[in-house]
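Engineer: the following comprises the amino acid sequence and a computationally predicted model.
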Amino acid sequence: MLRVKVPLADRSYEVVVGNGAISELDALLASTARRVAVVTQAGIPLEVSLADREVETYVIGDGEAAKSLATIETLTRGFARQGLTRRDVVVGVGGGMVTDVAGFAAASWHRGTPVVHVSTTLLGMVDAAIGGKTGVNLPEGKNLVGAFWQPSGVICDLDALASLPERETRCGLGEMSKYHFLTGDDLLALPLDQRIARCVEIKADVVASDEREGGRRALLNYGHTLAHAIEIATDHDIAHGEAVAIGLVFAAELAAELGRIDEARVDEHRRVVAGEYGLRITPPERLEVDELVALMARDKKALDGLTFVLDGDDGVEVVDDVPETAVRATLQRFVAHGVRHNE
């Protein structure tokens with residue numbers, strides 16, 4: 001097993017990566033946790049078995065529509081019936097949607113109940129389960145309601161990846177390709193367990209320096225501003241990691257429009273995302289520029305006008321108040337490019 005520490009002083013926790021890592025779950029739970037609320041979805045390939053603890057399982061719906069305040073109400077009312085206390089624990093078993101929901105429910109219940117995540121998707125292992133960002137969607141935007149609530153531990157059981165659909169694998173690769181531009185690391189050269197552990201290390205380092213996204217942590221949203229807009233505009237036909245891949249290339253094109261990088265650097269984004277990671281980099285043809293701009297303006301990172309994470313001479317950084325004219329000009333070309341090449 002590989003173990004990575006997320007260093008947050010007295011709230012530090014361990015991420016365990018490896019085949020059969022779920023066997024470590026009991027050791028990550030506090031001895032005081034008599035009741036365990038397992039939040040999961042139908043068809044998740046891992047089961048929780050804990051001796052000497054009262055376990056109740058809550059199966060939530062699939063898809064982004066279930067990532068809602070209504071689901072949080074259903075869960076917390078279940079916690080009430082179960083008699084869950086602050087000494088007990090919530091365990092999220094599933095992909096990023098499950099750990100986001102389970103984490104927010106835990107943060108909300110009694111104003112903070114411990115949570116442990118058992119991640120079953122590549123996307124969750126390299127991103128969603130790490131760092132304590134939890135939340136649900138509103139019709140107006142993605143992840144607009146949530147809380148920072150660090151888990152007590154995270155398990156990345158590689159056995160779960162054996163049955164992962166191809167699309168879920170692509171989603172994980174979309175987030176993984178983001179780390180290439182943040183660090184320059186050739187992650188694909190590593191064995192899978194080391195690749196995942198390295199992504200966790202990168203994210204853990206960023207989270208430790210900026211837990212609540214006041215500065216550096218926002219860099220982890222590279223490619224996400226357009227990605228979230230695409231997800232909503234397509235009613236999630238384009239999944240998160242797929243949208244991030246498209247968003248990374250758009251962010252590079254926008255940076256070039258602003259004179260921050262040259263065309264060679266844009267080409268490198270295309271080469272890495274499409275060539276090395278094998279991901280789609282053109283948007284669907286049905287997207288409308290006006291809708292995308294409106295959705296991006298609602299992004300939770302936005303502080304003053306349109307905010308993007310963009311590449312530049314000093315590397316990737318947050319850029320506030322990006323001129324809407326530049327965004328629209330880049331989007332017009334980008335969306336038109338998608339029309340010509342989308343099949």
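Structural biologist: Noted; the coordinates are in hand.
Engineer: spatially central residue for the protein, please.
Structural biologist: By CA atoms, centre = their mean, the chain has its centre lying nearest to Ala128, at 3.6 Å.
Engineer: find the nearest non-adjacent residue to it, please.
Structural biologist: Spatial nearest neighbour of Ala128, excluding adjacent residues (CB to CB, 6 or more residues apart in numbering): Gly96 at 2.9 Å. C-beta here means a position set from N, CA and C on the backbone, and glycine is covered the same way.
Engineer: what's near enough to touch that neighbour?
Structural biologist: By CB atoms under 8 Å, 6 or more residues apart in numbering, Gly96 lies in contact with Ser119, Thr121, Leu123, Gly124, Asp127, Ala128, Ala129, His240.
Engineer: show me where the stretch 1-150 of the chain has its helices.
Structural biologist: For the stretch 1-150 of the chain, the helices defined by DSSP state H, counting those that start in this stretch cover 25-28, 69-82, 96-108, 122-123.
Engineer: need the ones you listed in JSON lines with distance to Asp235, can you?
Structural biologist: Shown next, in JSON lines, are the helices of the stretch 1-150 of the chain (distance: least, CB to CB, whole Å):
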{"stretch": "helix 25-28", "distance to Asp235": "35"}
{"stretch": "helix 69-82", "distance to Asp235": "18"}
{"stretch": "helix 96-108", "distance to Asp235": "15"}
{"stretch": "helix 122-123", "distance to Asp235": "19"}
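Engineer: need those helices in CSV with mean pLDDT and distance to Arg53, can you?
Structural biologist: Listed next are the helices of the stretch 1-150 of the chain as CSV, based on pLDDT from 0 to 100; distance: least, CB to CB, whole Å:
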stretch, mean pLDDT, distance to Arg53
helix 25-28, 96, 8
helix 69-82, 98, 12
helix 96-108, 97, 16
helix 122-123, 96, 29
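Engineer: which SS state does Leu219 fall under?
Structural biologist: Assigned with DSSP: H, G, I helix; E, B strand; the rest coil, Leu219 falls in the helix class.
Engineer: touching, it and Tyr179? I think so.
Structural biologist: No. Here Leu219 lies out of contact with Tyr179, judged by CB atoms under 8 Å, at a distance of 10.4 Å.
Engineer: hang on, isn't the residue nearest to the centre of the chain packed against Val101?
Structural biologist: No. Look at Ala128 against Val101 with CB under 8 Å: they stay out of range, at 10.7 Å.
Engineer: nearest residue to Glu175 other than its sequence neighbours?
Structural biologist: Asp127 is the one closest to Glu175 (CB to CB, 6+ apart), at 4.5 Å.
Engineer: pLDDT wise, what is Lys142 at?
Structural biologist: Reading off the confidence values, Lys142 has pLDDT 84.
Engineer: okay but Val244 is in contact with Phe181, surely?
Structural biologist: No. Under the criterion of CB under 8 Å, Val244 is not in contact with Phe181, lying 11.3 Å apart.
Engineer: the two - which one has more neighbours?
Structural biologist: Using other CB atoms under 10 Å as the criterion, Val244 and Phe181 rank with Val244 on top: 31 against 23.
Engineer: can you tell me how far the more buried one sits from Thr113?
Structural biologist: Relative to Thr113, Val244 is positioned 30 Å away (CB to CB, to the nearest Å).
Engineer: which of the contacts of Gly96 count as buried?
Structural biologist: Among the contacts of Gly96, those classed as buried by neighbour count (16 or more other CB atoms under 10 Å) are Ser119, Thr121, Leu123, Gly124, Asp127, Ala128, Ala129, His240.
Engineer: just for the stretch 201-343 of the chain, where's the confidence low?
Structural biologist: Filtered on pLDDT under 70, the stretch 201-343 of the chain yields the residue ranges 300-304, 337-343.
Engineer: and the helices in it?
Structural biologist: Taking DSSP H, counting those that start in this stretch as the test, the helices found in the stretch 201-343 of the chain are 224-233, 240-257, 263-270, 289-297, 324-341.
Engineer: which strands and helices lie in contact with the fourth one?
Structural biologist: Packed against helix 289-297, as judged by 3 or more CB pairs under 8 Å, 6 or more residues apart in numbering; DSSP states H and E, are the following elements: helix 224-233, strand 306-310, helix 324-341.
Engineer: could you dump the ones you listed to a markdown table with distance to Val316 and mean neighbour count?
Structural biologist: Shown next, in a markdown table, are the helices and strands packed on helix 289-297 (distance: least, CB to CB, whole Å; neighbours: other CB atoms under 10 Å):
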| stretch | distance to Val316 | mean neighbour count |
| --- | --- | --- |
| helix 224-233 | 12 | 26 |
| strand 306-310 | 6 | 23 |
| helix 324-341 | 17 | 16 |
